[in-house]
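S.K.: Any chance you could fold what I've pasted below:
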Amino acid sequence: MAVALRAVTVALSLTMLAACAPTPQPIAPPPPDPPAGMQYLYGSGEAAALSVQAFRALASYATATAKARPQASVVLAQGASLDQPRFVPCGTKPFAAVFDVDETVLLNIGYEYHDARSGKGYDEAAWDAWERTGAGAVGPVPGAVEALAQLRAAGVTVIFNTNRASANAAATAQAIRAAGLGEAVHGQTLFLKGDDATGSAKDGRRATIAARYCVIALGGDQLGDFSDLFNAPQPVAARRAATLAAPIAALWGRGWFALPNPVYGSGLKGGFDDIFPVDKRWAMPADGETR
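M.R.: Numbering: from 1, shown residues only. Sure thing, here's the model as predicted:
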């Protein structure tokens, strides 16, 4: 009798535990196709053509500028503003071109494959693991290898200024090398998040570089690759207008060179009211109005 009672008690306990256990959640299948931005940046001929075009223009501009010996660099001086820009003087400093890394000169193909398949979006731990281990799954941005070689041949030092972590400096240098972009030495031609106390802001690192070099070209895929002033809190429309207003507008293609990146970053913001001005909206006319 006692044995039977214990058996019943155990059975009831197991039933209650099963009832309280969380229901296993089905694992969502991966999307049938990568997001549109990834299709464009990593797969399309159009994105490749834009990148080659930008790098060809950058290399031509920088080599010609080096021969002319400019008086000022294209790095904004401390205290400058976008509407009243001032630039770090060159003096007799050697020439340099400064580039962001991710999606500017190097494509993070392996990480974005992981991101697209998982559908989880950006994950800090996953990105850190990618920085440390992903050198075998990167590629160069089209046009970058040739442009960087042309700059070096013209005596222009190539410097990378990226928000990859300084703790992963060796792995980042390995990834740059694996993409065919040449050597990068931390603290000399490679500057990283954590090198100073300003976090992901890049102006401090740019100032350090501009103190040593006459920077004649900046390349990036985010406006913060040119100045942290663009990252100040402001409406989407105002930020866009800042890139088009004089005298900043004159820098695009003449010292500042932007690369396309519809996958992630500071440019992917804004609702309908931010993106579509009221006076530029259209609705399908009623049938009677189309005749």
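S.K.: can you give me the helices for the stretch 101-250 of the chain?
M.R.: Ranges of helices in the stretch 101-250 of the chain, per DSSP state H, counting those that start in this stretch, are 109-118, 124-133, 144-153, 169-178, 203-212, 236-244.
S.K.: Quick one: closest of the ones you listed to Phe276.
M.R.: helix 236-244 (10.5 Å; CB to CB). (C-beta placed from N, C-alpha, C; glycine too.)
S.K.: Please report the distance of the residue lying closest to Gln71 once chain neighbours are set aside from Thr65.
M.R.: With CB to CB, 6 or more residues apart in numbering as the criterion, Gln71 has its nearest non-adjacent residue at 5.9 Å, and that residue is Cys90. Distance, Cys90 to Thr65, by CB to CB, to the nearest Å: 10 Å.
S.K.: my guess is Gly79 meets Val88, correct?
M.R.: No - under the criterion of CB atoms under 8 Å, Gly79 is not in contact with Val88, lying 11.3 Å apart.
S.K.: Who has more neighbours out of those two?
M.R.: With neighbours defined as other CB atoms under 10 Å, Gly79 and Val88 compare such that Val88 has more, 22 against 7.
S.K.: Specify the local secondary structure of the more buried one.
M.R.: strand (DSSP: H, G, I helix; E, B strand; the rest coil).
S.K.: How about the one 10 residues further on?
M.R.: Classification of Val98 into helix, strand or coil gives strand, according to three-state DSSP.
S.K.: Can you list the buried residues in stretch 108-120?
M.R.: Residues of stretch 108-120 classed as buried by neighbour count (16 or more other CB atoms under 10 Å): Asn108, Ile109, Gly110, Tyr111, Glu112, His114, Asp115, Ala116.
S.K.: got the contact list for the last one?
M.R.: Contacts here follow CB atoms under 8 Å, 6 or more residues apart in numbering; on that basis Ala116 touches Pro30, Pro31, Pro34, Pro35, Met38.
S.K.: can you check Val52 too?
M.R.: By CB under 8 Å, 6+ apart, the residues touching Val52 are Pro142, Gly143.
S.K.: Now do the host helix or strand of it and helix 144-153, the angle between them.
M.R.: Using DSSP states H and E, Val52 sits within helix 45-68. Angle, helix 45-68 to helix 144-153, by axes from the mean of the first three to the mean of the last three CA atoms, to 10 degrees: 0 degrees.
S.K.: Adjacent strands (with direction) for the longest strand seen in the chain?
M.R.: Ranked by residue count and defined by DSSP state E, the top strand of the chain is strand 157-165. Partners of strand 157-165 in the sheet, by DSSP bridges, are strand 95-99 (parallel), strand 190-193 (parallel).
S.K.: Centre of the chain to the first one, how far?
M.R.: Spelled out, it's strand 95-99. Centre-to-centre, strand 95-99 and its host chain are 17 Å apart (CA atoms, centre = their mean, to the nearest Å).
S.K.: pretty sure Ala54 contacts Gly143?
M.R.: Yes - contact criterion CB under 8 Å: Ala54 and Gly143 qualify, at 7.0 Å.
S.K.: if we look at the sheet, which residues does Leu218 bridge to?
M.R.: Val98, Trp256.
S.K.: which residues touch it?
M.R.: Leu218 makes contact with Val74, Val75, Ala97, Val98, Phe99, Asp225, Phe226, Gly255, Trp256, Phe257 under the criterion CB under 8 Å, 6+ apart.
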